[in-house]
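In: Mind folding the following:
(one chain, ligands or ions: 1)
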Amino acid sequence: MSDIEIRTLAESEWRASLGLFRAALHTLPVTDEQWAVAQRSYEPGRTLGAFHGGTLAGTAFAWSSDLLVPGGGVLPMAAVTRVAVRSDFRRRGVLRELMRQQLTDIAERGEPLAALRPTEPVIYGRFGYGLATHGAKTVVVPKDAVARAGVPSGGRVRLVEPDEALAVFPGIYERVGRCRPGTIARPPYWWTVFYERAFAVGEHIILAVHSGPDGDDGYLMYRPTPGALPGTNATLAVDDFVAATPDAVYGLWRFLLGVDLVDEVTVWTRPTDEPVSEMLVDPRAITRRESRSDLWLRLVDVPTALAGRTYGPGSVVVQVDDPLLPNNSGRYRITSDGVTRTTDAPELAVDVDVLAMLYLGTWRAVALAGVGRLTELVPGAAARADALFAVVEPSWCGTFF
Ligand SMILES: CC(=O)SCCNC(=O)CCNC(=O)[C@H](O)C(C)(C)COP(=O)(O)OP(=O)(O)OC[C@H]1O[C@@H](n2cnc3c(N)ncnc32)[C@H](O)[C@@H]1OP(=O)(O)O
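Out: Residues are numbered from 1 along each chain as shown. Prediction:
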């Protein structure tokens, strides 16, 4: 669509942008009372609007965040969200123009990475995003969940009120939440959306803090099914589960499974390698399902992103193709000592979205070659790439946005 103008929205236009996004999700506009809180969730200068003849046809937003990468480095990252196009302007290229402008803006800000969580995974690969972490949705039936001897009993768990949660949760997240590659910074705007907003509209939320020998070291935020009794799908839905040590993790699991009058505990995401079924005498009390909507990553500045993480042993020359940001296209020699651009013959050819899938060690190049997602130009090159990109613990994000 050539007659589309993309520009950064002024503060006075943010509410219209949120209205458009909410309408796209089949939700009513915010009330004045809701807007009083929601407007504090907007980082200035980061909301784009797409206009057609003066009408706001689409919008896209981002927060400034960062990503913990393998080796312990932290790289600036744009957390992209609130992307929507009005129903009467769809499939005319409005999203394409918004994505193009947003990626340009992110590159100009010097953020080497962007990430999002898609409503529909089919959309964002064409813009260079690839599924870079897995999370496991975990469902437990408490009445069948008897803990094995030897599982840590944890420290003390106390219920807290919203004010205390807002005071202590961000600090706990900073101390223990960045426990593995794939975890991201939660800017103050994030806390406004996911906590303050929910408190302001009176959502039924329970908040609990775990304390160990060194003080507060984990917390939960969950929603019980209002008024439900056992046998009527009484669920505790856990939206935020932050803890790192086995004592805190299993102390909080034990707490959740000990709440009375509950049929099911669902935790929307936990690391895929958490041996939670081994916590129980009967592992069938637990079901887990991997999500396709976990963190989708975009390497906006490929050389900086590749240089930002560490690598295992070996060497491989990778040809990267990035039609949207062509400066990224080219050959990179990746070794245990670092990454350099090269003119050497390529051994592996990948599109930039597939590079994002490899970046945090979540996918194996050998397996992706098997389904045609990348091309092995020299036999054995995919296995060498796997040795380089391998991580100790599976990467995991744990933050919804
Ligand atoms: C990060 C987040 O915020 S996730 C939230 C995303 N927002 C939503 O899901 C809200 C509801 N949906 C929408 O608002 C719109 O349909 C959007 C934003 C998903 C797409 O906007 P559009 O302007 O219609 O997309 P646009 O016309 O630019 O399409 C670009 C390409 O994506 C494809 N595409 C867009 N949406 C979809 C879809 N839902 N399913 C499959 N393909 C899609 C188009 O076919 C097109 O393909 P092409 O590259 O082959 O030409």
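
In: any idea whether residue 343 is helix, strand or coil?
Out: coil (DSSP: H, G, I helix; E, B strand; the rest coil).

In: Name all residues that make contact with it.
Out: Counting by C-beta atoms under 8 Å, 6 or more residues apart in numbering, residue 343 touches residue 331. All C-beta spots, glycine's among them, are computed from the backbone N, C-alpha and C.

In: which residues of the stretch 101-250 of the chain fall in helices?
Out: Secondary structure of the stretch 101-250 of the chain (DSSP state H, counting those that start in this stretch): helices at 162-172, 188-191, 197-200, 246-257.

In: count of neighbours near residue 25?
Out: By the measure other C-beta atoms under 10 Å, the count of residues near residue 25 is 9.

In: Find the nearest non-adjacent residue to it, please.
Out: Nearest residue to residue 25, sequence neighbours excluded (C-beta to C-beta, 6 or more residues apart in numbering): residue 84, at 7.5 Å.

In: part of a strand, is the one you found?
Out: Yes. Under the criterion used here (three-state DSSP), residue 84 sits inside a strand.

In: residues in contact with it?
Out: 20, 21, 23, 24, 25, 58, 59, 60.

In: Enumerate every residue touching the residue positioned nearest the centre of the chain.
Out: Geometric centre of the chain, nearest residue: residue 295, 3.8 Å, by C-alpha atoms, centre = their mean. Neighbouring residues of residue 295 by C-beta under 8 Å, 6+ apart: 115, 117, 131, 132, 133, 182, 184, 397.

In: switch to 10 Å and redo it
Out: 67, 77, 79, 115-117, 129-135, 182-184, 356, 360, 362, 395-399, 401 (C-beta atoms under 10 Å, 6 or more residues apart in numbering).

In: Residue 245 now?
Out: Listed by C-beta under 10 Å, 6+ apart, the contact set of residue 245 reads 152, 154, 155, 176, 179, 210, 212, 214, 217, 218, 251.

In: if I look at it, how far off is residue 99?
Out: 40 Å (C-beta to C-beta, to the nearest Å).

In: Secondary structure class of residue 267, three-state.
Out: Assignment for residue 267 (three-state DSSP): strand.

In: In this structure it contacts residue 139, no?
Out: Yes. Between residue 267 and residue 139 there is a contact at 7.9 Å, judged by C-beta atoms under 10 Å.

In: Show me which of the two is the more surrounded one.
Out: Ranked by neighbour count (other C-beta under 10 Å), residue 267 and residue 139 place residue 267 first, with 25 against 15.

In: how much space between the more buried one and residue 238?
Out: On the measure of C-beta to C-beta, residue 267 and residue 238 end up 4 Å apart.

In: Quickly list what's touching both of those two.
Out: In contact with both residue 267 and residue 238: 138, 220, 222, 252, 253, 256, using C-beta under 10 Å, 6+ apart.

In: Let me see the confidence value for the nearest residue to the first one once chain neighbours are set aside.
Out: Excluding the flanking residues, the one nearest residue 138 by C-beta to C-beta, 6+ apart is residue 267, at 4.6 Å. At residue 267, the pLDDT value in this model is 96.

In: same deal with the one 3 residues further on?
Out: Reading off the confidence values, residue 270 has pLDDT 95.

In: Verify the stated contact: it with residue 249.
Out: Yes. Using C-beta under 10 Å, residue 270 is in contact with residue 249, at 8.9 Å.

In: Who are the packing partners of the helix or strand bottoming out on mean pLDDT in the chain?
Out: Across the helices and strands of the chain, mean pLDDT, DSSP states H and E gives its lowest value to strand 286-290, namely a mean of 89. Strand 286-290 sits against strand 136-140, strand 264-270, with contacts defined as 3 or more C-beta pairs under 10 Å, 6 or more residues apart in numbering; DSSP states H and E.

In: And for residue 180, nearest residue in space, chain neighbours not counted?
Out: Closest to residue 180 by C-beta to C-beta, 6+ apart is residue 393, at 5.0 Å.

In: mind checking the backbone torsions on the one you found?
Out: Per-residue torsions, residue 393: phi -110, psi 140 (degrees, to the nearest 10).
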